[in-house]
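below are the sequence and a predicted model; questions follow.
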Amino acid sequence: MPDGSPRRWEVHDRYGNKIYMTEERWRHALDSRPCLSDLLEETLNTLRRGRRKQDPLNPRKYKYY
């Protein structure tokens, strides 16, 4: 990526699905959860190893925990 472009993290969850999180989405998460500011790697690990639950109204949306 050229300098100055937004960061993007890509991981695969335990089911083999590729998940990416952009810097913009990470900042959005921190807006309501500032306590996570030092926990980016732990958050990515949750995506890698955590379980997921499908949103009942949007079958393309999942929450990882």
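Yep, it's here. What you see is a predicted model; the values in this text were computed from it and never measured.

which parts of the chain are helices?
For the chain, helices defined by DSSP state H occupy the ranges 23-32, 40-49.

now the angle from the last one to helix 23-32?
For helix 40-49 against helix 23-32, the angle between stretch directions is 110 degrees (axes from the mean of the first three to the mean of the last three Cα atoms, to 10 degrees).

in helix 40-49, what counts as buried?
T43, L44, T46, L47 (16 or more other Cβ atoms under 10 Å). C-beta here means a position set from N, CA and C on the backbone, and glycine is covered the same way.

list the contacts of the first one.
Just to be clear, that refers to T43. Neighbouring residues of T43 by Cβ atoms under 8 Å, 6 or more residues apart in numbering: M21, A29, L36.

again, but for the third one
By Cβ under 8 Å, 6+ apart, the contact list for T46 reads Y64, Y65.

how about a cut-off of 6 Å?
Residues in contact with T46 (Cβ atoms under 6 Å, 6 or more residues apart in numbering) are Y64.

please apply the same query to the last one.
Applying Cβ under 6 Å, 6+ apart to L47 gives the contacts V11, D13, I19, Y64.

how about TSV for these, with distance to Q54, neighbour count and pLDDT added?
Output for the contacts of L47, formatted as TSV (distance: Cβ to Cβ, whole Å; neighbours: other Cβ atoms under 10 Å; pLDDT from 0 to 100):
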residue	distance to Q54	neighbour count	pLDDT
V11	19	16	97
D13	13	17	97
I19	14	15	95
Y64	11	15	93
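
want to try TSV for those, with distance to D55 as columns?
Formatted as TSV, the contacts of L47 follow (distance: Cβ to Cβ, whole Å):
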residue	distance to D55
V11	20
D13	15
I19	15
Y64	12
